[in-house]
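coords below, sequence missing:
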């Protein structure tokens with residue numbers, strides 16, 4: 001099942017996609033209290049999902065809405081928490097080396113400067129990235145959904161997309177073992193972790209994370225839906241794509257993750273309670289951003305991220 005939060009003029013509603021063109025309004029199709037919101041459905045567990053499947057399959061005509069007549073909101077509009085992780089390590093290695101190249105390009109002897117920067121170790125992937133899941137807390141209030149314009153802040157000259165996906169935690173828990181962690185995944189969605197590269201590179205010199213380079217209104221796009229695990233034969237064999245104005249820029253696969261979502265769930269639940277409705281981002285797949293490709297977005301560009309089995313998350317960047 002592919003679940004959405006949508007607004008067709010009456011405020012946020014919980015729905016299920018019927019094919020690609022229609023949405024079943026679950027509260028109209030059934031009376032279960034789990035249909036009040038995505039969070040309520042998550043907290044209802046398997047009982048709620050079973051009820052949602054029955055309601056979607058038997059939805060009467062007056063509960064069906066044309067997708068073109070509704071606005072898709074972030075599928076989980078108010079997640080309990082949003083963490084973005086470094087689960088794809090190939091991207092990290094490439095991005096760090098690109099960062100060194102860009103710094104060296106400003107020096108009198110770029111080649112010598114690049115050799116020195118590489119030798120310093122500052123731009124090499126630290127062993128801890130392979131030993132455990134490294135993450136930062138992202139702004140769970142700064143969300144945008146499918147079809148939304150993303151306002152490019154006026155203090156930045158360089159905005160970039162990041163091709164990611166994410167899992168949604170389905171059950172609160174502590175001390176989850178990795179082999180049992182998949183049972184705690186409610187579903188999967190697409191995640192565009194927008195980045196202000198010029199600001200990010202400045203603030204990361206402080207060694208305290210990306211900060212303002214990733215912390216701006218609408219800078220975390222999620223959608224178009226949450227696809228439940230039964231939609232996939234193997235979630236770690238999915239093709240990932242990014243297109244800009246219809247042109248393919250990025251292609252990757254979920255199979256290239258070094259750490260899994262299950263690894264992250266096991267690690268995070270050791271330090272504290274993992275809460276139903278948390279979102280865990282994957283980090284960027286290799287070649288999954290303009291920074292790696294030496295390509296830049298411009299005002300008005302339409303960015304589409306696609307993950308097999310989930311759908312397409314589409315946003316336009318607009319100068320603030």
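Received the coordinates, thanks. Not measured: the values here are computed from a predicted model.

contacts and neighbour counts: CA atoms only from here.
Fine.

and residue 83, that's in a strand?
Yes: checked against DSSP: H, G, I helix; E, B strand; the rest coil, residue 83 lies within a strand.

Next up, the contacts around it.
135-138, 279-281 (Cα atoms under 8 Å, 6 or more residues apart in numbering).

Nearest to residue 249, out of the residues you listed: which one, please.
Minimum distance to residue 249 across the contacts of residue 83 is 20.8 Å, recorded for residue 281 (Cα to Cα).

At which residues are the strands of the stretch 1-150 of the chain located?
Ranges of strands in the stretch 1-150 of the chain, per DSSP state E, counting those that start in this stretch, are 2-7, 12-18, 22-25, 64-66, 71-73, 81-85, 135-137, 143-144, 149-152.

buried sites along the worst-scoring helix or strand of the chain on mean pLDDT?
In the chain, no helix or strand scores lower on mean pLDDT, DSSP states H and E than helix 89-104, which sits at a mean of 82. For helix 89-104, a neighbour-count test (16 or more other Cα atoms under 10 Å) marks 89-92, 94-98, 100-101, 104 as buried.

right, and the pair among the residues you listed with maximum separation?
Taking Cα to Cα, no two of the buried residues of helix 89-104 sit farther apart than 89 and 104, at 23.0 Å.

what sits against residue 65?
Contact analysis of residue 65 by Cα under 8 Å, 6+ apart lists 22-25.

if you set the cut-off to 6 Å instead, what comes out?
Residues near residue 65 by Cα atoms under 6 Å, 6 or more residues apart in numbering: 22-23.

what does residue 184 give?
169-171.

pretty sure residue 190 contacts residue 225?
No: under the criterion of Cα atoms under 6 Å, residue 190 is not in contact with residue 225, lying 7.9 Å apart.

what's the longest helix seen in the chain in contact with?
Across the chain, the helix with the greatest residue count (assigned by DSSP state H) is helix 38-57. Outside helix 38-57, the residues that touch it by Cα under 6 Å, 6+ apart are 24, 29-30, 34-35, 76, 170.

can you do 8 Å?
1, 4-5, 14, 16, 18, 24-26, 29-30, 32-35, 75-76, 79, 170-171, 186, 276-277.

and if you look at stretch 247-255?
Here stretch 247-255 has contacts from 163, 235-243, 285-290, using Cα under 8 Å, 6+ apart.

If we go by neighbour counts, what in the helix or strand hosting residue 248 is buried?
Assigned by DSSP states H and E, residue 248 falls within strand 247-253. Across strand 247-253, burial judged by 16+ other Cα under 10 Å covers 249-253.

so what's residue 215 closest to, chain neighbours aside?
Spatially, and ignoring its direct neighbours in sequence, residue 215 is nearest to residue 139 (6.5 Å; Cα to Cα, 6 or more residues apart in numbering).

Model confidence for that neighbour, exactly?
Per-residue confidence (pLDDT) for residue 139: 93.

Next, give phi and psi for it.
The phi and psi values for residue 139, taken as degrees, to the nearest 10, are phi -80, psi 100.
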